[in-house]
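>>> Fold the following.
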Amino acid sequence: MSLSRKKNVIHSIRMDRELEEVLIKEAEARHFTFNNLVNSILHKYSEFDTFAERFGFVTITKNTFQAIVSAISDEEIETIARDISSLALKEFTYFKYSEPSVRSFIDFLALLCNYGGLGMFDQKSQGLDHMIILRHNLGVKVSKLFGMITAETLKRMADIDVKVDSTSENEVDIRFKADPFNL
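Sure thing, here's the model as predicted:
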């Protein structure tokens, strides 16, 4: 649902003049209104940042993340993917969405991409066939890591057979079959 269709409320807030100037410049640079920028910041805070803070997320540059993952062997990537899927992601989706499910995990992936800066998220569904596409510019080892984490998590959550193409430098294609009403 777009912001324009939601019921709006009006709040008056005070902020430092320097903060206002930064926000005005950023809004202009993004071709946003001041109000749209503030709303997008508050959305990110409420949908992602509050949970990321509680779960100890850290912020690093994409280049640093890519360098770390690139230095890891394929066997270690598999181990890391299993560990992450069994602990952090299931716990995070349970905390954020109250019940871990395929739908909540897919929503979590979208949040990580949209707000966590991991790349672009796209999902396509037709009947029982579902495809998740994660586009990034972090290299093939990151593709493998994303693909393995996703496949392992979906398997653990719903015993879903997942096919992953993670051979691309900048894209992971994840395909699976599931009843759309049970996602």
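>>> domains in the chain, as residue ranges please.
15-54, 73-182 (automatic domain parsing).
>>> Of those, flag the one that's most buried.
domain 73-182 (a mean of 17; mean count of other Cβ atoms under 10 Å). C-beta here means a position set from N, CA and C on the backbone, and glycine is covered the same way.
>>> average pLDDT across that domain?
Across domain 73-182, pLDDT averages out at 87.
>>> Dump the domains of the chain into CSV; add distance to Ala67 as well.
Below are the domains of the chain laid out as CSV (distance: least, Cβ to Cβ, whole Å):
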stretch, distance to Ala67
domain 15-54, 22
domain 73-182, 9
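>>> Identify the residue spatially nearest to the most centrally placed residue in the chain, adjacent ones excluded.
The residue lying closest to the centre of the chain (Cα atoms, centre = their mean) is Leu112, at 1.7 Å. By the measure of Cβ to Cβ, 6 or more residues apart in numbering, the closest residue to Leu112 outside its immediate chain neighbours is Leu118, 5.1 Å from it.
>>> That neighbour touches Ser143, doesn't it?
No: applying Cβ atoms under 8 Å as the test, Leu118 and Ser143 come out as separate, 11.4 Å apart.
>>> Having no further points to raise, I will conclude here.
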